[in-house]
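> here is the input, now give the coordinates:
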Amino acid sequence: MGSEAKYGVLRGKYELGRFLGHGTFAKVYHARNLATGNSVAMKVVGKEKIIRVGMMEQVKREISVMKMMKHPSIVELYEVMASKTKIYFSMEFVRGGELFAKIAKGRLREDPARHYFQQLISAIDFCHSRGVYHRDLKPENLLLDEDGNLKVTDFGFSALSDHLQPDGLLHTTCGTPAYIAPEVIGKKGYDGAKADIWSCGVILYVLLAGYLPFQDDNIVAMYRKIYRGDFKCPTWFSPESRKLITKMLDPNPSTRISIAKIMNSSWFKKKSTARGSNSKLEQEFALGDEVNAGKGGKTETLNAFHIISLSEGFDLSPLFENTKKVDKEELRFATMTPASSVISKLEEVAKTQNFSVKKSDSCVRLQGQENGRKGKLGIAADIFALTPSFLVVEVKKYSGDTLEYNQFCNKELRPALKDIVWTTNGNSMPD
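Residues are numbered from 1 along each chain as shown. Sure, this is the predicted structure:
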């Protein structure tokens, strides 16, 4: 149970049990309320770590939001406790796991998909009625209880109506790229409710298709597809579901369908007989060759927080590959070093290796001057800000030979960047 084992019984009220999982800044344990005997999920957050990356206000906001969220399809927060070094969230224990795990097995039939979607929309409608916008809706943040009922969780990126700017819009870019609305990417301000509706549209598409509507190995190319609303519905989508998804994935937020109209649509109003985990596999999943359409039938997301939390080192790409590959063409790492310093480090490496450099505030392009086995080696580094002091850097080969690229990364790039790479155990990259 790690560092929490020494507590045994927390505050004389909760008996901590087995480790359930972890995120970037939190560990989650099973716990038992000694007074009632009921199971809870105990989320343990280290104060020092969140203060170091400037996320204390985000945690406070998550607490205030979850205290408001009393709804059957939202994970309930029972209480919050704190010590000098830790914050403890006592939360509803949801036994059925993530909805994502179901989708990974294949696409769902319409009836169970509608069952989950109806509960999702009910929860999000409740949030919006309280002036709360989730802003990171995706299957990984949707849990299932033992009866197959959906529960929305993870309000870490949520916003309240009092966070609106004078123009009446939100301006913080956050969420998971594959599920994010085009206006959020555009950085000109957005309506939080409309952005959540877009994400719900992506989720419904994934439930029915088994893969994402907007996919591309290049994140910039994927963003272009999102901006244009460039997607196609598979042939097995019913006309009613196709019509609803098209209205939800309207790239123009001013004409995007509202939750009220979603709930009034003919597809949504059909009664569902599905009961999640109680349905037989043949009833719940649409089995067949088309399950594997599009990226092997699995969703792939690039959530920077998940990237960081699941790795202790520099090369994170195996987390996002369907099959093991010897030759890797991209690296991702997190850093608390300013973007200008990251760029300076890359320039130093380029200078020692006779690479030309093109740069902006958030990207660097290194171009080799000598021909290799497949022409000149070209490397791109894109910098994404999660908070003003916390960045994720994505490094990719855009031209040349993969072996030469890997050799360059291992011999030159990795050593040069070692001191600035942030890991979950500290601020430097392990040997």
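> can we go C-alpha only for contacts and neighbour counts from here?
OK.
> show me which strand runs longest in this protein.
Criterion DSSP state E: the longest strand present in the chain is strand 375-387.
> helix or strand right after that strand?
Sequence order places strand 390-399 as the next helix or strand after strand 375-387, per DSSP states H and E.
> what's that next one packed up against?
If you count contacts as 3 or more CA pairs under 8 Å, 6 or more residues apart in numbering; DSSP states H and E, strand 390-399 packs onto strand 330-335, strand 375-387.
> would you mind listing the buried residues in the last one?
By 16 or more other CA atoms under 10 Å, the buried positions in strand 375-387 come out as Lys376, Leu377, Gly378, Ile379, Ala380, Ala381, Asp382, Ile383, Ala385, Leu386.
> quick one on the thing from earlier: list the helices and strands the longest strand of the chain packs on?
For strand 375-387, the packing partners by 3+ CA pairs under 8 Å, 6+ apart come out as strand 363-372, strand 390-399.
> out of the ones you listed, deepest packed?
With neighbours taken as mean count of other CA atoms under 10 Å, the helices and strands packed on strand 375-387 reach their highest mean count in strand 390-399, at a mean of 20.
> give the pairing partners of that one; include direction for each.
Paired neighbours of strand 390-399 in the sheet (DSSP bridges): strand 330-335 (antiparallel), strand 375-387 (antiparallel).
> okay, the angle between the following helix or strand past the shortest one and strand 375-387?
Helices and strands here follow DSSP H and E; after strand 330-335, the next one along the chain is helix 339-352. Counting by axes from the mean of the first three to the mean of the last three CA atoms, to 10 degrees, helix 339-352 points 170 degrees away from the direction of strand 375-387.
> could you export helix 339-352 as CSV, CA atoms only?
As requested, the backbone C-alpha atoms of helix 339-352 are provided in CSV (Å, rounded to 0.1, in the frame of the first residue of the first chain):
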residue,chain,number,x,y,z
ALA,A,339,9.5,26.7,-22.9
SER,A,340,12.3,29.2,-23.8
SER,A,341,14.8,27.0,-21.8
VAL,A,342,13.6,23.8,-23.6
ILE,A,343,14.1,25.5,-26.9
SER,A,344,17.6,26.7,-25.9
LYS,A,345,18.5,23.1,-25.0
LEU,A,346,17.3,21.9,-28.3
GLU,A,347,19.3,24.7,-30.1
GLU,A,348,22.4,23.6,-28.2
VAL,A,349,22.0,20.0,-29.4
ALA,A,350,21.4,21.2,-33.0
LYS,A,351,24.5,23.3,-32.9
THR,A,352,26.8,20.5,-31.8
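> buried ones in the helix or strand that that helix is followed by?
Once helix 339-352 ends, the next helix or strand along the chain (criterion: DSSP H and E) is strand 355-359. Neighbour-count burial for strand 355-359, counted by 16+ other CA under 10 Å, picks out Phe355, Val357.
> how far off centre is strand 355-359?
31 Å (CA atoms, centre = their mean, to the nearest Å).
> pairing partners for it, with directions?
For strand 355-359, using DSSP bridges, the partner strands are strand 363-372 (antiparallel).
> which strands or helices does the strand or helix carrying His30 pack on?
Assigned by DSSP H and E, His30 falls within strand 26-33. Judged by 3+ CA pairs under 8 Å, 6+ apart, strand 26-33 is in contact with strand 14-22, strand 39-46.
> if you compare those, which one is most tucked away?
Taking mean count of other CA under 10 Å, strand 39-46 is the most buried of these, at a mean of 22.
> give me the mean pLDDT for the helix or strand following that one.
Downstream of strand 39-46, the next assigned helix or strand under DSSP H and E is helix 47-52. Taken as a whole, helix 47-52 has a mean pLDDT of 84.
> how about helix 47-52: buried residues?
For helix 47-52, the neighbour count (16+ other CA under 10 Å) marks Lys47, Lys49, Ile50 as buried.
> excluding its backbone neighbours, what's nearest the second one?
With CA to CA, 6 or more residues apart in numbering as the criterion, Lys49 has its nearest non-adjacent residue at 6.8 Å, and that residue is Phe25.
> next one: the last one
For Ile50, ignoring the flanking residues on the chain, the nearest one in space by CA to CA, 6+ apart is Met56 at 5.7 Å.
> what is the burial count for the one you found?
Met56: 15 surrounding residues under other CA atoms under 10 Å.
> quick one: it and Gly46 touch, right?
No - the pair Met56 and Gly46 does not pass the contact test of CA atoms under 8 Å, sitting 10.4 Å apart.
> need the helices and strands packed on strand 26-33 in CSV (columns: distance to Met91).
CSV is the format used below for the helices and strands packed on strand 26-33 (distance: least, CA to CA, whole Å):
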stretch, distance to Met91
strand 14-22, 12
strand 39-46, 5
